[in-house]
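S.K.: When you get a sec, could you give me coordinates for this:
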Amino acid sequence: MTFFDIIRMLAALAVTLGIGGVALVLARRFAPLEVLRLKAPTDRRLALVESLMLDPQRRLVLVRCDGREHLLLLGEGRLLAEADGAGKGRAG
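M.R.: Modelled structure (predicted):
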């Protein structure tokens, strides 16, 4: 590899990084705000409140959906039991 090859390789790298930088500046300048916003929306309907590992196969999960809390017993890749905030429960 000659000195000329190294210079050519570094120049190609500089051009590639320059094109990427210009694309980033243009995207920040002209893209809509919805595309640039990285934060998750705060008006989500579903939220994980708490999770508790009971053993390696089962997990107890408390989720909030539309202002109501549901207690889920998960295990082996499926729902084992569910109870909502009103005290109603059902086995899966």
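
S.K.: quick check: domain ranges of this structure?
M.R.: Structurally, the chain divides into domains by automatic domain parsing as follows: 3-36, 46-91.

S.K.: By mean pLDDT, show me the worst of those domains.
M.R.: Lowest mean pLDDT of those: domain 46-91, a mean of 84.

S.K.: Can you show me the helices along the chain?
M.R.: When assigned using DSSP state H, the helices of the chain occupy the ranges 3-30, 33-36.

S.K.: so can I have CSV of these showing mean neighbour count and distance to residue 61?
M.R.: Any C-beta I mention is one placed from the backbone N, CA and C, and that applies to glycine too. Below are these laid out as CSV (neighbours: other CB atoms under 10 Å; distance: least, CB to CB, whole Å):
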stretch, mean neighbour count, distance to residue 61
helix 3-30, 10, 38
helix 33-36, 8, 31
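
S.K.: How many neighbouring residues does residue 69 have?
M.R.: Look at residue 69: counted by other CB atoms under 10 Å, it has 15 neighbours.

S.K.: so what's it bridging to?
M.R.: For residue 69, the beta-bridge partners are residue 64 (DSSP bridges).

S.K.: same deal with residue 58?
M.R.: Counting by DSSP bridges, the residues bridging with residue 58 are residue 75.
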